[in-house]
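[1] Fold the following and give me the result.
(one chain, ligands or ions: 2)
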Amino acid sequence: MSNCLFCRIASGEIPSAIVHQDDALVAFKDITPQAPLHILIVPRRHIATLNDLTPDDDALVGSMARLAAGLAREHGYDARGFRTVVNCNADAGQTVFHLHMHLLAGRGLSWPPG
Ligand code: AMP
Ligand code: ZN
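    Numbering: from 1, shown residues only. Ligands and ions are numbered 1, 2, ... in the order given. Predicted coordinates:
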């Protein structure tokens, strides 16, 4: 989608601090980090929200979770711990309507979330 921020980041049209890319996924640093490590993992293909997933996307979402764990490990946070978050729609505070998984690590993360 030409007017979607994360489609434009995934295509390289808008610069970002990319930490991983492959055929299906791009991961880049969040521009307003909420923890010492805050990475966003997005599919290259435009999917607006979790509500828009189909069974065909099961492997894609699995690969997002595995990439999050791999990046956490790469940065030394696997044993200490980390959090993944996918916000969906208004009550969860979703602001960019291109599916993304937040990876947060490097500080104690309170529960329940705000
Ligand atoms: P959400 O509230 O779950 O939709 O998260 C959107 C996230 O995108 C927020 O954490 C923003 O800080 C982040 N964000 C917005 N614009 C950019 C950008 N140009 N590069 C990197 N992260 C961004
Ligand atoms: Zn998009």
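[2] Determine whether any part of the top helix by length along the chain lies close to ligand 1.
    Across the chain, the longest stretch assigned as helix under DSSP state H is helix 58-74. No. Under the criterion of Cβ under 6 Å from any ligand atom, ligand 1 is not reached by helix 58-74; the shortest gap measures 13.6 Å. C-beta: built from backbone N, CA, C; applies to glycine.
[3] neighbouring contacts of that helix?
    19-20, 24-25, 27, 37, 39, 41, 43, 45, 53, 78, 82, 84, 101, 103, 105 (Cβ atoms under 8 Å, 6 or more residues apart in numbering).
[4] 10 Å instead?
    19-20, 22, 24-27, 37, 39, 41-45, 47, 50, 53-54, 57, 77-86, 99-106 (Cβ atoms under 10 Å, 6 or more residues apart in numbering).
[5] for the helix or strand containing R8, the distance to its chain's centre please.
    Per DSSP states H and E: R8 is located in helix 5-10. How far helix 5-10 lies from its chain's middle: 12 Å, per Cα atoms, centre = their mean, to the nearest Å.
[6] Please consider this matter closed, and thank you.
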